[in-house]
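Peer 1: Below is the sequence, then the predicted model.
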Protein chains: 2
Amino acid sequence: MSSLRTLYASDGSRPEFKTNMNVDFVINYKVPSDAQAEAEAGFTQLIEVLTKAGLASEVRNGVDNNSVLVFVKVASDQYLKSKIYKERVQDWLYGVRIKAPEKDVNTFFEKEPITDAERLRLVYLLLTLPKNDGGAGITPKTGQWKYVESVFPLHNHDFNRQWIKQWSSKYVLKEEDIDQIRDKFGERIAFYFAFLQSYFSFLLFPAAFGFGAWLILGQYSVFYAMVNSLWSVIFFEYWKKKEVDLAVQWGVRGVSRIQHPRPHYKWEHEAADPVTGEPVKVYSKRKRLQTQLLQLPFALICTLLLGALYVFCFSIEIFIGEIYNGPFKAYLTFLPTIILTACTPTLSTILGNLAERLTDAENYETHDAHEAALIQKIFVVNFITSYIPLFLSAFVYMPFGNLLVPYLDIWRATAEKISASEKVSTQGFQINPDRLKKQIIYFTVTAQVVNFALETLTPYLKRKVFKKVKSVQTEMAHKNGKSEVTQQDVPEEAAFLERVRNEAELDIYDVAVDYREMVVQFGYLSLFSAIWPLTPVSFLINNWVELRGDAMKIAVSSQRPIPWRADSIGPWLSALGFLSWFGSIISAAIVFLFSNGPEGPGGEPWNISAWGLLLSILGAEHLYLAVQFAVRHVLNQLDSPGLQKERAERFAMRRHTLEETLGEDITQKPLPDVPTGEKITREGLEEEARQASLKGRGTPEEAFWQRQQGMDETITVGRNLIGRMVAANKTAKA
Amino acid sequence: MSSLRTLYASDGSRPEFKTNMNVDFVINYKVPSDAQAEAEAGFTQLIEVLTKAGLASEVRNGVDNNSVLVFVKVASDQYLKSKIYKERVQDWLYGVRIKAPEKDVNTFFEKEPITDAERLRLVYLLLTLPKNDGGAGITPKTGQWKYVESVFPLHNHDFNRQWIKQWSSKYVLKEEDIDQIRDKFGERIAFYFAFLQSYFSFLLFPAAFGFGAWLILGQYSVFYAMVNSLWSVIFFEYWKKKEVDLAVQWGVRGVSRIQHPRPHYKWEHEAADPVTGEPVKVYSKRKRLQTQLLQLPFALICTLLLGALYVFCFSIEIFIGEIYNGPFKAYLTFLPTIILTACTPTLSTILGNLAERLTDAENYETHDAHEAALIQKIFVVNFITSYIPLFLSAFVYMPFGNLLVPYLDIWRATAEKISASEKVSTQGFQINPDRLKKQIIYFTVTAQVVNFALETLTPYLKRKVFKKVKSVQTEMAHKNGKSEVTQQDVPEEAAFLERVRNEAELDIYDVAVDYREMVVQFGYLSLFSAIWPLTPVSFLINNWVELRGDAMKIAVSSQRPIPWRADSIGPWLSALGFLSWFGSIISAAIVFLFSNGPEGPGGEPWNISAWGLLLSILGAEHLYLAVQFAVRHVLNQLDSPGLQKERAERFAMRRHTLEETLGEDITQKPLPDVPTGEKITREGLEEEARQASLKGRGTPEEAFWQRQQGMDETITVGRNLIGRMVAANKTAKA
């Protein structure tokens, strides 16, 4: 059992990586040893619903004698096509695609072939949509389907190998590289890579500028903070446009309007939609709003709990690091780190669970709404854990350290009690002006590297250890004379099945985790990089690796993700906007406090001028808003390939439809026949008078419009009137 | 020549008000007495282009021997219908109407008849669109058409009389009343009335609350300011939703996307559109952006010029009112008012012209963009003239009066020089704490009344005087023996023509003026009403009258406006948003400065605590933003009739199109035929083996999917596997 990683290093000629056996999805069905009957019944149901949903299935031995693998593909190509055609028509109706799909299905699919991502998405929907929407209604791990451990598509290892190879030998990624990801893994993941790539390219400027600032301007430079803030505005506004552009180019603009219902949604009652008359599942909006209000206490609890933890560790740290001078100092220094390392993950998990339960209670109808709400809450937790240590240093320790240190005596008392000694020796407290810089370097360099290592190495090591344990177990079982009854793969499939079993045990890739990492990083840049202008340089390097590392993570150490569509980076956009705006405030405060050296502008560190600080904040914030307004205005003037494409499509569609709807007969209709009239002649007038006396003038309206018949008459009469007027005016003047 | 007003007072049975003679538009063609040949040639051209554009025309004597009136109607009903049909199809293509127009034109127009507004708008477009867009290309007062004085539709006096009668006898206006306006005067004007009506209804709350606050809380109440700010957020967010709602109900949502080209647009060169290949008129965006940058110096000039004027008058006013004690004091008090009254209109006109020229230089392609840019600039001027006196009082006079008064000695010196007396007697300066209140009362009561009077009475008086002068002139002409050669109306038309001549002399109604008035009023409420909580009461009363007065203005003293479409109140929305936000800042500052009496929180008026002030502003602003966020979130949850209607239409359209496009055959396509398979029997297996040996297993993929044939086989195999696994696990445990 060699790991995937070593396989990738080989020339990749092994046959089990060449084919997916036309399998679309694999269902890992757990076999509990204590509920055979239930498991068998469930399995029977599973195969039945699959068949009813138009899916063909095969079953094979699963992982470690504890599961069976059900292989699924769409039973007929024609059926898949009809489904995809229907989806594309729906896209058109929702305005996602501008041109209506052609009526001839065959030429249509020739022109716009089905991508891998599209096919897999459709099959996944067939598997998971409720039965009355035409799906099989499978909900892994819940209710009826509690033995369905996971549902996943198979990797395309040929593609993956090439992908990793390409990216690791390339300095700059191009649009085509992202497009490739889109075809294989769907727009949702492609958006992450597109974002990361844009962010990386944009970092080039602040990295260069930051390096210059580090050489020339030094720390806490007003100029650096302003340029940095301006940059973050431009980047944010640029990305907002770029995002729309990509969505248009990928043909998914507005796709977020097409919502998939959330299986866990609980409705109060079914009612007829007042509009469409269709039955809809109603949940009181007021109730949801009330639940949403719980976000405020949630945010408060997060702040208090995590805040208390950090303040606690912070005070210990300062006491031990800068006051305490007794025995074991070298070891005790690690105490706060140990406490933090022990408590933060626990607390984060608890709060994360709380956030999930809160979001569940908010009971959203659609998947997207649920996820956005969850991300919002997790962001609060992340915001606090990521930035609070720096806030404490910048706004508590540095300005008020001298005032607060006496309160740390409590630790001395505690230490004396514990050691039972009479007096713990201390040293005089001196504010450490480098503390902030050290901290920011830790967060922007050390933590990033550690994090990256954890992210890529942990799953690898975990798998390695896991395999080792298993092989030992198997050996022991063999020694005990117990044979593996069920491991009887057909030789030509054995390698393929082995590979599938490996993939079944991989983690599920969650793009939100990667987004979070990048957004938090952007926050450090926007909020604190004035402290250490080399921050963007570090991020630039980190993100070059990150881009490739994330690709590796998807290709090697995760199951192939479900290729969802998306038309933006979703809720992360507002998180970025918030951090960019908040950055203008925090940067201004930091620069104001420390730009005259760590002593602050008032000479004494805690003797800062409150109104000056407030004025800087107020000024910086409003300057920020004004600049944002201007940048937005300028960027809105610019055209972009995506918008051009959209315009072209709309134009073609309009011309086509106009021609079709109106036809030649209406658009080219000749002008109405207005008689150009005859000359006013004596005979003509007499004829007119005769006609009038015969028929009468008709209604006053008719009479009004008959006085001058045709254009020429009107012109003649008008010229006469003008002539007489001019003459009359001349005599009047004379 | 009796004025329209007296005519309206009569029972309206006079025949000239009963019919418009089927006239759609009237062109008032000026006849200059010194250029007969040119005028005649122009007139001939006019009639020719009209005829070519499919319009019939009649000519009659004009106003005062100085013009001829050209009456215009669409030559054929069929032609008008084809044009309107085409427009409706365009609406559909642009997504303004959701349902495609029916292909049968006749039943279509039966179902959706042509409204007055639609007809007039279409005819106006025929008159003014460039020739290659199918219009006559008439541009009043410019270039080739410099003698075309005006182009206007005729009032429907029957409707007008009823309208005024209804509204003046009704306390509350309903949706139907606004809908009526929409049918007659178009959505653009209907939006103004809808806005005013919503604003009026919303004022009920702050009026009641303000009255209570005036009784109980008094001036400068924090609570009042907060409630007021909250109210303005709710009103603003409500209107944003309401606006969309109305646009949907009126079928104009997104109509601002369909833009009419601006005739005065100057392009640099024609180029092929990169997308559509059509020739487009290009003007460099960078150039426009550069011109737009001139807005900054423009705003600066406005502030400096108007600011200087106000500071000048302000200082004189304080000197004379509160320091000076010499001769003529009673008269001199009026000096600043006289200077202001003399200078403000001149300055406003100059700045207004500057704004217009600036906007012209920005050279927008479309009418809407031009107007929005102009309104933005005019708003700057209005903002300064309306609020600067109060700013000066609140933030200069009150807090710093004592510090600045010594500088007013310059006026004493001047006065001594002028009067050549040795010493001008003065009195000790004392800040007048009531000054702010008096000012706000002036702006919110006196000025509103005066303004209303000017608005409604001036045109009436102007017309009266004008007529008087003319009748005297005519009399004199008669006395001098000069007869009016051209006044020879046919008796049955005479009264009608007289009426049209009257309408030709009326002003053109500009809805922007009325919007401006209301937006400025909203500003007083949002920025300064904490000074005098009765402000909303005054506005409530004023707006009840205003609603009716504006109706009167349109019906009686203006030409019938061109019924343009619109899908919102346009640029005024952002002005409202700005004022609402700015109000949170200014109110906070005012309340902080004066809530402890006019002396301010520091005891001495000029001894205010800067950090307290800044903190209140910062707090108030961010509280405002947070509340806005929350209100927006809550309002977004709510459904509305307009959005329901849109949803219903979309749903119907989707169902219809889906049925049409997919047909029964695809949607109802039966599931693909998955063989349910036979029992695994000895015979079956043998048969299978035989088949395989005959044909071979085919590709590995085929072989993979052939192992279990059909559902039942898969189920059987799966159950076997499960059974064996459970057994194996049990023995392993044992």
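Peer 2: Cool, got the structure. Since this is a predicted model, take the numbers as computed values, not measurements. Numbering: from 1, shown residues only, chains lettered A, B, ... in the order given.

Peer 1: in chain A, which residue is closest to the centre?
Peer 2: In chain A, the residue lying closest to the centroid (C-alpha atoms, centre = their mean) is A:Ile569, at 2.8 Å.

Peer 1: pLDDT value on that residue, please?
Peer 2: Predicted confidence (pLDDT) for A:Ile569: 91.

Peer 1: residues touching it, list them.
Peer 2: A:Ile569 is in contact with A:191-192, A:195, A:239, A:243, A:515, counting by C-beta atoms under 8 Å, 6 or more residues apart in numbering or on different chains. Heads up, the C-betas are built off the backbone N, CA and C, glycines and all.

Peer 1: Doesn't it lie inside a strand?
Peer 2: No: counting by DSSP: H, G, I helix; E, B strand; the rest coil, A:Ile569 is located in no strand; its state is coil.

Peer 1: so where's the stretch 351-500 of chain A uncertain?
Peer 2: Along the stretch 351-500 of chain A, segments meeting pLDDT under 70 span A:419-424, A:477-487.

Peer 1: how about the helices in it?
Peer 2: Taking DSSP state H, counting those that start in this stretch, the helices of the stretch 351-500 of chain A run over residues A:367-392, A:398-404, A:409-419, A:435-441, A:447-479, A:491-504.

Peer 1: got a markdown table for these, with distance to B:Asp91 too?
Peer 2: Putting the helices of the stretch 351-500 of chain A into a markdown table (distance: least, C-beta to C-beta, whole Å) gives the following:
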| stretch | distance to B:Asp91 |
| --- | --- |
| helix A:367-392 | 31 |
| helix A:398-404 | 62 |
| helix A:409-419 | 74 |
| helix A:435-441 | 57 |
| helix A:447-479 | 53 |
| helix A:491-504 | 53 |
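
Peer 1: out of those helices, nearest to B:Ser580?
Peer 2: Distances from B:Ser580 to each of the helices of the stretch 351-500 of chain A were compared using C-beta to C-beta; the minimum, 25.8 Å, belongs to helix A:367-392.

Peer 1: Tell me if the closest one is near chain B.
Peer 2: No: among the residues of helix A:367-392, none lie within reach of chain B under C-beta under 8 Å from any C-beta of the partner chain; the closest is 11.4 Å away.

Peer 1: Which strands or helices does that helix pack on?
Peer 2: In terms of contact count using 3 or more C-beta pairs under 8 Å, 6 or more residues apart in numbering or on different chains; DSSP states H and E, helix A:367-392 is assigned the packing partners helix A:295-318, helix A:335-362, helix A:435-441, helix A:511-528, helix A:572-594.

Peer 1: Next, the angle from it to helix A:511-528.
Peer 2: Note on geometry: by axes from the mean of the first three to the mean of the last three C-alpha atoms, to 10 degrees, helix A:367-392 and helix A:511-528 are set 30 degrees apart in direction.

Peer 1: relative orientation of helix A:367-392 and helix A:295-318 in degrees?
Peer 2: With the same axes, to 10 degrees applied, the angle from helix A:367-392 to helix A:295-318 works out at 30 degrees.

Peer 1: just the angle between helix A:367-392 and helix A:572-594, please?
Peer 2: Taking the same axes, to 10 degrees, one finds that helix A:367-392 is oriented at 10 degrees with respect to helix A:572-594.

Peer 1: Report the angle between helix A:367-392 and helix A:447-479.
Peer 2: Taking the same axes, to 10 degrees, one finds that helix A:367-392 is oriented at 120 degrees with respect to helix A:447-479.

Peer 1: circling back to that earlier point, Serialize the helices of the stretch 351-500 of chain A to JSON lines and add fields for mean neighbour count.
Peer 2: JSON lines is the format used below for the helices of the stretch 351-500 of chain A (neighbours: other C-beta atoms under 10 Å in any protein chain shown):
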{"stretch": "helix A:367-392", "mean neighbour count": "19"}
{"stretch": "helix A:398-404", "mean neighbour count": "17"}
{"stretch": "helix A:409-419", "mean neighbour count": "13"}
{"stretch": "helix A:435-441", "mean neighbour count": "19"}
{"stretch": "helix A:447-479", "mean neighbour count": "13"}
{"stretch": "helix A:491-504", "mean neighbour count": "17"}
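
Peer 1: Out of these, which is closest to B:Pro336?
Peer 2: Evaluated with C-beta to C-beta, the helices of the stretch 351-500 of chain A place helix A:398-404 nearest to B:Pro336, the distance being 49.1 Å.

Peer 1: Show the secondary-structure elements that that closest one is packed against.
Peer 2: The helices and strands touching helix A:398-404, judged by 3+ C-beta pairs under 8 Å, 6+ apart, are helix A:572-594.

Peer 1: The helix or strand following the helix it packs on packs against which elements?
Peer 2: With elements assigned by DSSP states H and E, the helix or strand that comes after helix A:572-594 is helix A:610-637. Using 3+ C-beta pairs under 8 Å, 6+ apart as the contact criterion, the elements in contact with helix A:610-637 are helix A:222-249, helix A:572-594, helix B:285-293, helix B:610-637.

Peer 1: ok, 6 Å please
Peer 2: Applying 3 or more C-beta pairs under 6 Å, 6 or more residues apart in numbering or on different chains; DSSP states H and E, one finds that helix A:610-637 contacts helix A:222-249, helix A:572-594, helix B:610-637.

Peer 1: Good, wrapping up.
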